[in-house]
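Undergrad: need a 3D model of the following:
(2 chains)
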Amino acid sequence: AQSVAQPEDQVNVAEGNPLTVKCTYSVSGNPYLFWYVQYPNRGLQFLLKYITGDNLVKGSYGFEAEFNKSQTSFHLKKPSALVSDSALYFCAVRGTTSGTYKYIFGTGTRLKVLA
Amino acid sequence: EPEVTQTPSHQVTQMGQEVILRCVPISNHLYFYWYRQILGQKVEFLVSFYNNEISEKSEIFDDQFSVERPDGSNFTLKIRSTKLEDSAMYFCASTWTGTYEQYFGPGTRLTVT
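TA: Just a heads-up that it's a prediction; the model follows:
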């Protein structure tokens, strides 16, 4: 069965410091991996994805993520956090074999960037 | 930029009543989804829909739930007899073939009293 784990409910980081939000996954076959951000009372907004190719993917607002197949991880990173990055972040996985095409989301990590 | 829209933004209903949540996906998208989120927590998959039929559904999506694409633009989620535990934010999403990222609507907050 597909699953996603986001081990941290909340991550606090000072403005200007690098941030990392962790995600590990489990899926049979090759994964498609995604990060979404949710601001209060809003829908989820796509940040970046890994489908194939380069393990380091870059996305919106300066975010990037690294796909690590051996560790089954897809951690979200940003070199310098902004207060406006404070939001709820979701990692998601979609499988590539029959019966795993649905998208499974993690429980979310609340990022707080402190001024 | 095209976006997914959902109506209503907030629906209050009494237990046992039927509700229909409406979504208009992005026009050239082919895959449609419903999710729910309780109290800003985990986003739970309900159902995916492609080529006018359900492609996958979760255990949550029981006989009380149904989906329909009644015309070329709307995608609806019906809950036949609502329960208190159906209170949640319901999000619609759509995807275009080959890109895989989902575009989410702003959600409908369903409150069952």
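Undergrad: which parts of chain B sit against chain A?
TA: When proximity is defined by C-beta under 8 Å from any C-beta of the partner chain, chain B lies next to chain A at B:4, B:33, B:35, B:40-45, B:48, B:55-56, B:58, B:91, B:93, B:100-107. Every C-beta, even on glycine, is put in place using the N, C-alpha and C of the backbone.
Undergrad: got a list of what A:Arg94 touches?
TA: Residues near A:Arg94 by C-beta atoms under 8 Å, 6 or more residues apart in numbering or on different chains: A:2, A:27, A:31-34, A:100-104, B:100.
Undergrad: for it, report the pLDDT, please.
TA: At A:Arg94, the pLDDT value in this model is 91.
Undergrad: look up how far A:Cys23 lies from it.
TA: Distance, A:Arg94 to A:Cys23, by C-beta to C-beta, to the nearest Å: 14 Å.
Undergrad: joint contacts of those two?
TA: Common neighbours of A:Arg94 and A:Cys23 are listed as A:Leu33 (criterion: C-beta under 8 Å, 6+ apart).
Undergrad: quick check: PyMOL command selecting the buried ones in the residues of chain B next to chain A.
TA: Listed next is the PyMOL selection for buried residues among the residues of chain B next to chain A, using 16 or more other C-beta atoms under 10 Å in any protein chain shown:
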select buried, chain B and resi 4+33+35+42+43+44+45+48+56+58+91+93+100+101+102+103+104+105+106+107
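Undergrad: tell me if the helix or strand harbouring A:Tyr25 is near chain B.
TA: For A:Tyr25, the element it lies in under DSSP states H and E is strand A:24-26. No - judged by C-beta under 8 Å from any C-beta, strand A:24-26 stays clear of chain B, getting no closer than 14.7 Å.
Undergrad: in that strand, what's buried?
TA: Within strand A:24-26, the residues scored as buried using 16+ other C-beta under 10 Å are A:24-25.
Undergrad: re earlier: which of the contacts of A:Arg94 ranks first by neighbour count?
TA: Counting neighbours by other C-beta atoms under 10 Å in any protein chain shown, A:Phe34 comes out on top of the contacts of A:Arg94 with 27 neighbours.
Undergrad: wait, that residue touches A:Ile104, no?
TA: No - contact criterion C-beta atoms under 8 Å: A:Phe34 and A:Ile104 do not qualify, at 10.3 Å.
Undergrad: what do those two both touch?
TA: In contact with both A:Phe34 and A:Ile104: A:92-94, using C-beta under 8 Å, 6+ apart.
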